[in-house]
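Colleague: this one's structure only:
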């Protein structure tokens, strides 16, 4: 409890010093009248605040607790701890550097692959070597392709969530959903609870237009989420089937695939942004609150069907497919009208 109050005090200090910190770092998201329609420049330092909070949590866990993240410190070695911290903070600094200096998509992709490759080379527990599906009896093993598959999974998760980030509150809400689900699956581990509290604080500042998460924030949270999902599946066994992870990420995954296909058909660079994202289509018609409500409802819908109501994979997937593309079509027709 005392530690939680200490974190709240740290975040209050950030809140009171936002303007000064922003001026010193000079990391802003500048409106361009096309993709970025906010009226004034907004500090992209949400990732920095998150990184500081999690650094304090990790220091506390390593020196004053028996856990690291949601793991028992006695069951993991120092190299594992280092590899996890390396992935999280290298990912964060990559995103923060991009917020400040704007890396080309190819450079960012290659650096991401390099970071993930080092992390999984140091820590075999970060490697997804097999997976099981609810509708298939046997486990599928990757053998010599497990590292490649792991890199692909983490990159896909990161890019899907980066694509998904577009309106205030949107990314914070979906990460709150992810960590809330993991909180439930882990029998309410403190790490997930404190993560949700920190993201809620950032979301408050984001909704007040005081800051954006930026790539630094998205990359840091994506790194933590990737590690959490892999460990919960590989080691903790709280996630039994890959289907669960698939449905957790279904909304940002669908939007990533849809946008990539559209850009390829139109002969456009798949890495160049546009206003065809689902959040852009929603915000043209609805308020920020209602747009986020629709997005959050779509995010949790497949998990409710598959995990809580016990519908099978095919029914859950096909139902979401119909709802998602019906909504996209409705929004596009309305936009033309």
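Modeller: Great, that's in hand. All of these numbers come straight from a predicted model, not from anything done at the bench.

Colleague: Just give me the neighbour total for residue 180.
Modeller: 15 (other C-beta atoms under 10 Å). Just so you know, the C-beta spots here come from the backbone N, C-alpha and C atoms, and that holds for glycine as well.

Colleague: now swap in residue 313 and tell me
Modeller: Other residues within reach of residue 313, judged by other C-beta under 10 Å, total 18.

Colleague: Next up, the contacts around it.
Modeller: Neighbour list for residue 313: 133-135, 243, 306 [criterion: C-beta atoms under 8 Å, 6 or more residues apart in numbering].

Colleague: in the stretch 51-200 of the chain, which spans are helices?
Modeller: According to DSSP state H, counting those that start in this stretch, the stretch 51-200 of the chain carries its helices in the segments 78-101, 105-122, 146-164, 170-185, 190-207.

Colleague: For residue 28, find the nearest of those helices.
Modeller: The minimum distance between residue 28 and the helices of the stretch 51-200 of the chain falls on helix 78-101, with 8.8 Å, by C-beta to C-beta.

Colleague: For that closest one, which outside residues touch it?
Modeller: Contacts of helix 78-101 with the rest of the structure, by C-beta under 8 Å, 6+ apart, involve 25-27, 29, 44, 47-48, 50-51, 54, 58, 62, 68-69, 103, 108, 111-112, 115-116, 118-120, 122-123, 125-126, 158, 214-220, 222-224, 226-227.

Colleague: swap the cut-off to 6 Å and go again
Modeller: 27, 44, 47, 51, 68, 108, 111, 115, 119, 122-123, 214-216, 219-220, 223-224, 227 (C-beta atoms under 6 Å, 6 or more residues apart in numbering).

Colleague: Among the residues you listed, which ones are in strands?
Modeller: When DSSP state E is applied, the contacts of helix 78-101 are split such that residue 68 fall in strands.

Colleague: Whichever of the contacts of helix 78-101 count as buried, I'd like them selected in ChimeraX; how would that read?
Modeller: The following ChimeraX command selects only the buried members of the contacts of helix 78-101, with burial defined by 16 or more other C-beta atoms under 10 Å:
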select :27,44,47,51,68,108,111,115,119,123,214,215,216,219,220,223,224,227
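
Colleague: Output the contacting helices and strands for the helix or strand of the chain with the lowest mean pLDDT.
Modeller: Least confident element among the helices and strands of the chain, by mean pLDDT, DSSP states H and E: strand 136-141 (a mean of 86). Packing contacts for strand 136-141, counted by 3 or more C-beta pairs under 6 Å, 6 or more residues apart in numbering; DSSP states H and E, involve strand 130-133.

Colleague: For the strand it packs on, which strands pair with it and how are they oriented?
Modeller: The sheet places strand 130-133 alongside strand 136-141 (antiparallel), with pairing taken from DSSP bridges.
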